[in-house]
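> Please work out how this folds:
(2 chains)
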Amino acid sequence: MIRIAGFSVLGLALLFLLGPFLIIAGAGLSAGDILVFPPQGFSLRWYAGVFEIERFRESFLLSMELAVGSTALALLLGVPAAYAMARYEVPGGEWIRTIVTAPVIVPAIIAGLALLRYTVIPLGLPVMAALVLGHTALVAPYAVRVVTVSLTHLRPDVEEAAILLGASRTGAFFRVVLPNIRNGVMAAFILGFITSFNQVPVSLFLTGPGVSTLPIDMLAAMEFVYDPSIAALSTLLALMSVSIVLVAERLLGLSRYV
Amino acid sequence: MSDPEFLALRNITISYGRSVAVDDVSLTVPQGELLALLGPSGCGKTTLMRAVAGLLPLTQGGIVLAKRDITRVPANRRDVGLVFQSYALFPHLSVFENVAFGLRLRRAPATELKQRVDAAIAMVGLTGFESRLPRELSGGQQQRVALARSVVVRPNLLLLDEPLSNLDARLRLEMRSELHRLHRDLGVTMIYVTHDQAEALALADRIVVMRAGKVAQSGSPEDLYERPTSGFVARFMGFENILGVQPDGLSGEKGMLKIPTAGLTDARALAWRPQNVQLGEGPFQGRVIGASYQGETTEYLIESAAGLLKAQASVTAPRHTVGENIAFDLPVSRAVRLLEV
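From the prediction side, this is the model:
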């Protein structure tokens, strides 16, 4: 009895979470010209057609560049920060930790507006720089957290052993620490990439004329064109994220770090 | 050839804020000696060892190793090896690469490197395990890799931090004799940090007992085992019965045992091992309140006027039962005289 109740709750939850996705995926399969569910007829033309739309191709590339660039930057900042906080008594370490994780807690839309109003406009930053800045800040908390988790699995005396064998502090970091947190860094990269790639609220404020990320472009397109290509594209992007996560789980055990 | 002051620690003090972990310790170690630093946890022995390795700064004092003042030399240029209690092997490297680590940093030529690494691995009996990762090895094997990794670079000084404490009893005995052989074959100067007096007695040329950041006593294993000078060292060496010397008798926790002590005034206290307490006859009266059979011997807990005493009788001696009143003697001729309680 309890088992049946449990399964029904689980089923409802899954339906609630996955239902919208299934509807969108279905709508994209329509043979008709407008976005409706259930689809009218069945065709793959919208899925195939997505690749032909010039503006989406451009913003897809921009989103890719942005996601790779800002995640790499976030790791460049986040790995040393995580290392310092894990290994040393950093003065005000608790505060730094809180500030570093703030972008996860503060609603992204507020972060985006604040960034625009108080940094991008006063400094007159170009659009791409503003986007990189915003996304890096957004991704850095994940980098710090994930790398911190993998650092706690590495005993500090392993570094001391390397030093006593003749390595410098930096040498010990590159020869011993980095190879052992490699999986954590890769996991952080994947999480950061997906977070940045799917980001809407911050990008909304920071994109500008001629420079737009894919999700923002899709949002804009929906206001003018109401055909199933948006549904098809959304489905493809969701599948991309899911496959990245699945591959990462197989190769790295992603779920250990999150 | 051997330098009597190969390693010299001069007035070393290490403190953290107000707490003093090592308090004005001076110590010299001749070349080739195996010195044991013995003491309970928190006595400062590990702190002192980490300072010698260069992993901790000294608050005061200096260190000279092989005629070179290394007080301010960074840890990676001291030529001091350290075998960690946790082994601290590099998890991502094979046994071969773990051992080769130090030689690669020194840019040893490939053929020499291979030859020396192979020799070190053979020396600890792990030939055939070269391509294994540390997690695929048992605790004892990891310990051997840690040893090989430290000695392959031929350090001036090898420090061992409780190296056997994570092994089971049988393996510990085996590794103990292995360490002994290694020390003999390599002739490297070693400092062995341990809280286990049996290990220190079995391995060391000389033992330094530490207490609360200071040296309590140092000497050969025989010196310490047979002639401890303080109550602290005596207890560590198995003298379980320690009584203070008073003008009219011996004092314990509870009270006095009256005997003439005229000839003993130079000692503050007397100490007996359990086997030196004579049961069945003697001037004192007590009651057996515990008896534990241990095969070759039986241990008794005796309640006396001075407090609880521990006695040990051989298997051939008459048995006593709990509750029995018993006469006993603490023969002064078999006691050790302590200068400090």
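
> Next up, the contacts around B:M237.
B:M237 makes contacts with B:Q197, B:L224, B:Y225, B:P228, as judged by Cβ atoms under 8 Å, 6 or more residues apart in numbering or on different chains. For glycine as for every other residue, the C-beta is placed from the backbone atoms N, C-alpha and C.

> Residue 24 sits in which helix or strand?
If you meant another chain, say so; for now it's chain A. If you go by DSSP states H and E, A:I24 is part of helix A:2-27.

> sorry, should have said chain B
Short version, using DSSP H and E: B:D24 is in strand B:19-29.

> centre of the chain versus that strand, how much separation?
16 Å (Cα atoms, centre = their mean, to the nearest Å).

> Phi first, then psi, for whichever residue of the stretch 101-250 of chain A sits closest to chain B.
The nearest approach of the stretch 101-250 of chain A to chain B comes at A:L165, 3.7 Å away (Cβ to the nearest Cβ). The phi/psi pair for A:L165 (degrees, to the nearest 10) reads phi -90, psi 0.

> Okay, and residue 82 sits in which element?
You didn't pick a chain, so chain A it is. Here A:A82 is assigned to helix A:54-87, by DSSP H and E.

> Chain B was what I was after
strand B:80-83.

> Can I get the helix or strand following that strand in CSV, CA atoms only?
Using DSSP H and E, the next helix or strand after strand B:80-83 towards the C-terminus is helix B:95-105. Provided in CSV are the C-alpha atoms of helix B:95-105 (Å, rounded to 0.1, in the frame of the first residue of the first chain):
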residue,chain,number,x,y,z
VAL,B,95,55.0,2.4,-7.4
PHE,B,96,57.9,3.0,-9.8
GLU,B,97,57.0,6.6,-10.4
ASN,B,98,56.5,7.2,-6.7
VAL,B,99,60.0,6.0,-6.0
ALA,B,100,61.4,7.8,-9.0
PHE,B,101,59.8,11.1,-8.0
GLY,B,102,62.8,12.6,-6.2
LEU,B,103,65.3,11.4,-8.8
ARG,B,104,63.2,12.9,-11.6
LEU,B,105,63.3,16.3,-9.8
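
> averaged over its residues, what pLDDT does helix B:95-105 have?
For helix B:95-105, mean pLDDT rounds to 97.

> Touching it from outside, list them.
A:162, A:165-167, A:171, A:175, B:89-90, B:93, B:112-113, B:116-117, B:120-121, B:126, B:129-134, B:137, B:145, B:148-149, B:152-153.

> Would you show me how to pick out the buried ones of the residues you listed in ChimeraX?
This is how ChimeraX selects the buried members of the contacts of helix B:95-105, with burial counted by 16 or more other Cβ atoms under 10 Å in any protein chain shown:
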select /A:162,165,166,167,175 /B:89,90,93,113,116,117,120,121,126,129,130,132,134,137,145,148,149,152,153
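
> Excluding chain neighbours, give the residue nearest to B:R235 in space.
What sits nearest to B:R235 in space, not counting adjacent residues and going by Cβ to Cβ, 6 or more residues apart in numbering or on different chains, is B:I242, at 6.9 Å.

> Helices of the chain, start to end?
You didn't pick a chain, so chain A it is. Assigned by DSSP state H, chain A shows helices spanning A:2-27, A:45-49, A:54-87, A:93-105, A:108-115, A:121-123, A:127-152, A:156-164, A:169-172, A:178-197, A:201-206, A:214-224, A:229-252.

> Let me rephrase: I mean chain B.
B:45-53, B:95-105, B:110-123, B:139-151, B:169-186, B:197-203, B:221-226, B:231-236.
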